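>>> Here is a sequence with its predicted model. Questions after.
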Amino acid sequence: MEFLLDPGSGEYELVYNVLSFGTAVMFGAFVYFLTQMKAVSKQYQAGIAVSAIVVGIAGYHYYRIWSDFGDLTMNEGYRYADWLITVPLLIVELLIVLGVAKADRTSLMFKLVPASILMIGLGYPGEVADGNGAKWTFWILALIPFTYILKTLYDELQKAGQRETGAVAKQIKNATYVLLSTWLVYPIAYLFPIFDANSEVLETLRQVGYTFADITSKCLYGLMILWIAKARTEAESNA
């Protein structure tokens, strides 16, 4: 993509620093999640392992984005390669710790994982397109699987919250808030180039918005997953 930011501008410095911060947070979360795997019951350890894999993959891609950005190159392909791998994994880790029955979990995965791949695949052509018509078209198309995934995950969180009580229910409720508030950032940030494709301010907001959303949807979301797993582990040990 065309590099829009002046290397000597405050906008460039802000995006550069935010990308560096995102890289550090992802790798830090990777190490932390690895140390926490034994803190939960065996049946939930796979969910924490997936959280570690998600932020590890994201950390690698953020390092590539940050490194290229320092060389005045913005390759959005790294973001989409990251999302193509990590979004299905985010779905998997949530379903593991929510205690969804194995048969139901398998059914949901066969629906949600292809939907997530379709969402990312439809989003990329619009992201790199030059014309606003193409951007709007692919935004609308990608919004269809996006809405389906978000609605399905929200419903599963609501069902899990109703099945649980105490600390487990509270952590599931918190995860629901994180899911909704984080995922809604992406389609909004996606639209910024449509308003003014040459605006440094909007490009800065887009990059900062994507990075903020990635940190919260992977690292903070991973913490929510960990806290749900810990709460479930404690509740089961006291039963």
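Alright, I've got the coordinates.
>>> Give the buried residues for the worst-scoring helix or strand of the chain on mean pLDDT.
Sorting the helices and strands of the chain by mean pLDDT, DSSP states H and E puts helix 166-183 at the bottom, at a mean of 84. Buried residues in helix 166-183, counted by 16 or more other Cβ atoms under 10 Å: 168-169, 171-172, 175-176, 178-179, 182-183. C-betas here are computed from N, CA, C, even on glycine.
>>> quick one, the lengthiest helix in the chain and helix 166-183 angle?
Ranked by number of residues, the top helix in the chain under DSSP state H is helix 132-163. With axes from the mean of the first three to the mean of the last three Cα atoms, to 10 degrees defining the directions, helix 132-163 sits at 170 degrees from helix 166-183.
>>> what packs against the least confident helix or strand of the chain?
For helix 166-183, the packing partners by 3 or more Cβ pairs under 8 Å, 6 or more residues apart in numbering; DSSP states H and E come out as helix 132-163, helix 221-238.
>>> now for the shortest one, which elements pack on it?
It stands for helix 221-238. Using 3+ Cβ pairs under 8 Å, 6+ apart, helix 221-238 is in contact with helix 10-35, helix 42-70, helix 77-97, helix 166-183.
>>> picking that back up, okay, the angle between the least confident helix or strand of the chain and helix 77-97?
160 degrees.
>>> Kindly export helix 166-183 (C-alpha atoms) in PDB.
Extracted C-alpha coordinates of helix 166-183, given in PDB (Å, rounded to 0.1, in the frame of the first residue of the first chain):
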ATOM      1  CA  GLY A 166     -20.500 -16.700  41.100                       C
ATOM      2  CA  ALA A 167     -17.000 -15.900  39.800                       C
ATOM      3  CA  VAL A 168     -17.400 -17.900  36.700                       C
ATOM      4  CA  ALA A 169     -20.500 -16.100  35.600                       C
ATOM      5  CA  LYS A 170     -18.800 -12.700  36.400                       C
ATOM      6  CA  GLN A 171     -15.700 -13.600  34.200                       C
ATOM      7  CA  ILE A 172     -17.900 -14.700  31.400                       C
ATOM      8  CA  LYS A 173     -19.900 -11.400  31.600                       C
ATOM      9  CA  ASN A 174     -16.600  -9.500  31.400                       C
ATOM     10  CA  ALA A 175     -15.500 -11.500  28.400                       C
ATOM     11  CA  THR A 176     -18.700 -10.600  26.700                       C
ATOM     12  CA  TYR A 177     -18.000  -6.900  27.100                       C
ATOM     13  CA  VAL A 178     -14.500  -7.300  25.800                       C
ATOM     14  CA  LEU A 179     -15.700  -9.300  22.800                       C
ATOM     15  CA  LEU A 180     -18.300  -6.700  21.800                       C
ATOM     16  CA  SER A 181     -16.300  -3.600  22.400                       C
ATOM     17  CA  THR A 182     -13.100  -4.900  20.700                       C
ATOM     18  CA  TRP A 183     -14.600  -6.500  17.600                       C
END
